[in-house]
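Participant: Structure of the sequence below:
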Amino acid sequence: MNLKIRTVDFLVYSFWIIFFVAVLLKYPYAGADPFVVITFFIIGIVAFIMSIREQRNVSIKRNYYIFCLIFFFFAPLQQYLSKTRLWSGNGMSVVYTDDDYLIVNLLILISMVLFEIGYAFGLRIKRREKVKQMIEEEKVDKYVERNYKASTFLLLTITLASVGMIVATRGMSNIISESAMMSQVKHMILFAPIICIIVSLINVKEGNLKAKKYLYFIAFITIVVFLLYSGTMARFILLGAIMAVVSYALLDYKNKSLYFSLYIAGFFFAFSMLRQKNLFDGNLLSFVDFRQVDYDAYQIFILVVRYVKEYGISWGLNILSAVCCFIPRSIATWRMEATGGIVVSSAGSWFKNVSCPLQAEMYFAFGTFGVIILSVFLGLLVCWLDSRCEEEFHFYKGLFAILSGVTLYVMRGSLLSTFSFTVGIMLAYWGVYNCVYSRVKLKG
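Facilitator: Numbers count the residues shown, from 1 in each chain. Down below sits the predicted model:
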């Protein structure tokens, strides 16, 4: 693997290293367990190195490590050093020990190593399939993508319709009772304008000048509507939407540090600040203070480990409940609630809308064995998804960009809500794309 770094990238990465160290040095280290601090820094160093050594500018693997850098190093280390207990005002009186932090750090390191092993194994499988495909290339039917003439107008129509529904219902927030199916419809509508932007970008890359004019208009009305959001969904819709568009726009961009910087900056400016609508409150330190509930993933992981120790594992029922998210609870009465809600409830909290990182879901399902096996499987899955970006058809590249945008949401959890959200927007993308494009078989 070529590890050569461009001069500009080197300077940008050096800035971020200095930035992270400078922020963390303001916290007191006296009294902190040295093993906990060391394992935190090992996680941060590994995550940082793996994110910058990735050959592709945009990849889900790279987003995975950026997530680990923020949610398993930068944010929890601030919380640990300042002895911050998130959600303490909701009935929880939990005290986290050094042993709690050390155990979770070791589980995270195990997960990261096995994820990388699974990804490397996936690359070997992909290389074998590529050789086999080259041998059998003449036997494979060839297809081309044909763009409908009405595509640009259709994209504008879909955008205006979805934006109209969003404005009319203020993001569907006035619906009193929301079923699982209605929740999926809501997610599709919320992400439809972003999908139209990505499909418009595909049109522009094909040289469709008319699509470029529509793209500017679609982007403008989408930005205006999305800036009206506040509340829990804002950080996911906004940051996920922004990074989905950025991912597609920068797929072939050579300056890898730009994507890295935009993603990191998104945590400072879009993830938490826009939810609270205090972006311009004058407190610049709030941008680098991650001791807040938006970054509760690590502490929820601790609660999951404690819960499993006391009550046992779920034997994968939490994962199966997420996969079967479209089945109404009236039929699938066996479906569990969100893992994060279960563990905070057992800790005394009346508020259950919390996160639960993917690694914690693995542990909740099958314990340490689940972290080992499912981390390898996650590496294989991410490798397969990253390979979709190399496909000839634009459909896969657009889908890849959307999945890149929601990587943060899926990794942060909890799985029950994030899986249904992701499936919903994938279906929305499939629907919009197939309204605009068709695949036709080449003759001869």
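
Participant: what comes into contact with stretch 94-102?
Facilitator: 33, 35-36, 39-40, 76, 80, 85, 88, 299, 302-303, 305-306, 347-348 (Cβ atoms under 8 Å, 6 or more residues apart in numbering). For the C-beta atoms, the positions are set from N, CA and C on the backbone; glycine is no exception.

Participant: For it, list the C-alpha coordinates in PDB.
Facilitator: Written as PDB, here are the backbone C-alpha positions of stretch 94-102 (Å, rounded to 0.1, in the frame of the first residue of the first chain):
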ATOM      1  CA  VAL A  94     -24.300   5.800  38.100                       C
ATOM      2  CA  VAL A  95     -20.600   6.200  39.000                       C
ATOM      3  CA  TYR A  96     -18.200   5.000  36.300                       C
ATOM      4  CA  THR A  97     -15.000   3.400  37.600                       C
ATOM      5  CA  ASP A  98     -11.600   3.100  36.000                       C
ATOM      6  CA  ASP A  99     -12.200  -0.600  35.500                       C
ATOM      7  CA  ASP A 100     -15.400   0.300  33.500                       C
ATOM      8  CA  TYR A 101     -13.300   2.500  31.200                       C
ATOM      9  CA  LEU A 102     -10.500   0.000  30.900                       C
END
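
Participant: Report the buried members of the contacts of stretch 94-102.
Facilitator: Among the contacts of stretch 94-102, those scoring as buried are 36, 39-40, 76, 80, 299, 302-303, 305-306, 347 (criterion: 16 or more other Cβ atoms under 10 Å).

Participant: Of those residues, which one scores lowest on pLDDT?
Facilitator: Lowest pLDDT within the buried ones among the contacts of stretch 94-102 is found at Ala347 (88).

Participant: Pull the contacting residues for it.
Facilitator: 92, 94, 303, 306.

Participant: For Arg85, see how far away the second one is.
Facilitator: Spelled out, it's Val94. According to Cβ to Cβ, to the nearest Å, Val94 and Arg85 sit 7 Å apart.

Participant: And the first one, by the same measure?
Facilitator: Between Met92 and Arg85 the distance, using Cβ to Cβ, works out to 8 Å.

Participant: Likewise for the last one?
Facilitator: Counting by Cβ to Cβ, the gap between Arg306 and Arg85 amounts to 14 Å.

Participant: so Arg85 is in which element?
Facilitator: Of the helices and strands defined by DSSP states H and E, none includes Arg85.

Participant: so it touches Gln299, yeah?
Facilitator: Yes - assessed by Cβ atoms under 8 Å, Arg85 is found in contact with Gln299 at 7.5 Å.

Participant: mind listing the strands for the chain?
Facilitator: 143-147, 437-441 (DSSP state E).

Participant: among these, which gets the worst mean confidence?
Facilitator: Among the strands of the chain, strand 143-147 scores lowest, at a mean of 51.

Participant: Can you list the low-confidence ranges for the stretch 301-444 of the chain?
Facilitator: 390-393, 437-444 (pLDDT under 70).

Participant: what ranges do the helices span in it?
Facilitator: 317-323, 339-346, 358-388, 394-405, 407-412, 415-436 (DSSP state H, counting those that start in this stretch).

Participant: Which one of these lies nearest to Arg53?
Facilitator: Among those, helix 358-388 comes nearest to Arg53, with 14.5 Å by Cβ to Cβ.

Participant: I'd like to know how far Val204 sits from Gly316.
Facilitator: 44 Å.

Participant: for Gln292, same thing?
Facilitator: From Gln292 to Gly316 the distance is 32 Å (Cβ to Cβ).

Participant: next one: Ala120
Facilitator: 25 Å.

Participant: between those two, who's got more neighbours?
Facilitator: The residue with more neighbours, out of Ala120 and Gly316, is Gly316; 16 against 12, by other Cβ atoms under 10 Å.

Participant: The more buried one against Phe366, yeah?
Facilitator: Yes - using Cβ under 8 Å, Gly316 is in contact with Phe366, at 6.4 Å.

Participant: how far out from the middle of the chain is stretch 304-323?
Facilitator: 22 Å (Cα atoms, centre = their mean, to the nearest Å).

Participant: So which bits of that stretch are buried?
Facilitator: 304-308, 313-314, 316, 318-319, 321-322.

Participant: With stretch 395-402 instead?
Facilitator: Buried residues in stretch 395-402, counted by 16+ other Cβ under 10 Å: 395, 397-402.

Participant: now it, how far from the centre of its chain.
Facilitator: Here stretch 395-402 is found 14 Å from its chain centre; the criterion is Cα atoms, centre = their mean.

Participant: Now that stretch - C-alpha only, CSV.
Facilitator: Extracted in CSV, the C-alpha atoms of stretch 395-402 (Å, rounded to 0.1, in the frame of the first residue of the first chain):
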residue,chain,number,x,y,z
PHE,A,395,-26.5,3.9,-9.1
TYR,A,396,-23.9,2.2,-6.9
LYS,A,397,-21.8,5.4,-6.5
GLY,A,398,-24.8,7.4,-5.5
LEU,A,399,-25.9,4.7,-3.0
PHE,A,400,-22.4,4.6,-1.7
ALA,A,401,-22.4,8.3,-1.1
ILE,A,402,-25.6,8.1,0.9
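
Participant: where in the stretch 51-200 of the chain is pLDDT low?
Facilitator: 130-153, 163, 166-187.

Participant: residue ranges of the helices in it, please?
Facilitator: 60-69, 75-81, 98-135, 151-169, 180-205.

Participant: winner for burial among those?
Facilitator: Greatest average neighbour count among the helices of the stretch 51-200 of the chain goes to helix 60-69 (a mean of 24), per mean count of other Cβ atoms under 10 Å.

Participant: List of residues touching that one?
Facilitator: 43-44, 46-48, 50-51, 54, 56, 108, 112, 115, 119, 259-260, 263-264, 382-383, 385-386, 400, 403-404, 407-408, 411-412.
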